[in-house]
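Peer 1: Predicted model and sequence below, questions to follow.
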Amino acid sequence: MLSKLIVIANLNHFKFLICKIDPTGKESLKLEKSSDSIFTYQRKDLQISRNNDHFQSDHESDFSVDFHLSEKERCCRIQEIADEIETVLQPHKHKAWYFIAPKVINEQVVEILRSAMTECMVVNLYADLTKMLEHELLEHCKVLLAQKHKALAL
């Protein structure tokens with residue numbers, strides 16, 4: 001039986017796990033890759049450089065600048081997530097995979113991914129599970145999948 005590939009992400013974290021089944025039929029998760037956003041650590045530098053910029057017009061409010069930079073950061077991070085997914089799934093191109101991310105970014109990441117990657121995506125769940133421990137994650141994924149199948153049956 002093929003192992004399941006699970007990608008879990010939010011704007012600041014990324015996990016790539018492989019769900020393996022042993023000969024007795026017991027499933028276990030193995031964390032293959034985990035990362036925090038490099039962009040998250042750059043935010044402090046962006047704040048400092050923004051405070052040092054003196055070319056801002058007098059009528060431009062700090063709120064509009066904050067909103068613009070926040071949106072720019074968000075778009076960059078979504079692109080980073082899509083790139084990271086393609087990188088980790090490349091060696092597993094032939095296998096089906098699951099994607100779990102908050103709805104607010106999930107659809108945008110899927111739009112960016114190449115169609116070859118999304119063709120193999122068999123499950124797409126809206127949830128933020130990045131901080132959940134691996135031993136809890138497998139059971140939680142089963143519950144979410146059962147809920148999704150139940151909702152589709154209605």
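Peer 2: Everything's here; your move.
Peer 1: Kindly check the end-to-end length of stretch 119-129 for me.
Peer 2: Using CA to CA, to the nearest Å, the end-to-end distance of stretch 119-129 comes to 23 Å.
Peer 1: contacting residues around stretch 87-103?
Peer 2: Outside stretch 87-103, the residues within contact range by CB atoms under 8 Å, 6 or more residues apart in numbering are 2-10, 16, 32-33, 81, 85, 106, 109-110, 116-117, 120-129, 141, 144. Every residue, glycine included, has its C-beta placed from N, CA and C.
Peer 1: Which members of these are classed as buried?
Peer 2: Neighbour counting by 16 or more other CB atoms under 10 Å classes 3-10, 16, 81, 85, 106, 109-110, 117, 121, 124-125, 127-129, 141, 144 among the contacts of stretch 87-103 as buried.
Peer 1: re earlier: out of the contacts of stretch 87-103, list just those in strands.
Peer 2: Among the contacts of stretch 87-103, the members found in strands (DSSP state E) are 4-9, 16, 32-33, 121-126.
Peer 1: Helix or strand with the lowest mean pLDDT in the protein?
Peer 2: Ranked by mean pLDDT, DSSP states H and E, the weakest helix or strand in the chain is helix 38-52, scoring a mean of 49.
Peer 1: before we move on, back to that, which two of the ones in strands among the contacts of stretch 87-103 lie the greatest distance from each other?
Peer 2: Maximum pairwise distance in the ones in strands among the contacts of stretch 87-103, criterion CB to CB, is 22.7 Å, between Glu32 and Tyr126.
Peer 1: what about the longest helix in this structure?
Peer 2: Longest helix in the chain by number of residues (criterion: DSSP state H): helix 62-89.
Peer 1: which element follows that one toward the C-terminus?
Peer 2: strand 97-101 (DSSP states H and E).
Peer 1: Paired strands for that following strand, with orientation please.
Peer 2: strand 4-9 (parallel), strand 121-126 (parallel) (DSSP bridges).
Peer 1: which ones are touching the residue nearest to Gln108 when sequence neighbours are not counted?
Peer 2: Excluding its sequence neighbours, the residue lying closest to Gln108 (CB to CB, 6 or more residues apart in numbering) is Ile78, at 5.0 Å. Residues in contact with Ile78, defined by CB under 8 Å, 6+ apart, are Leu11, Ile105, Gln108, Val109, Ile112.
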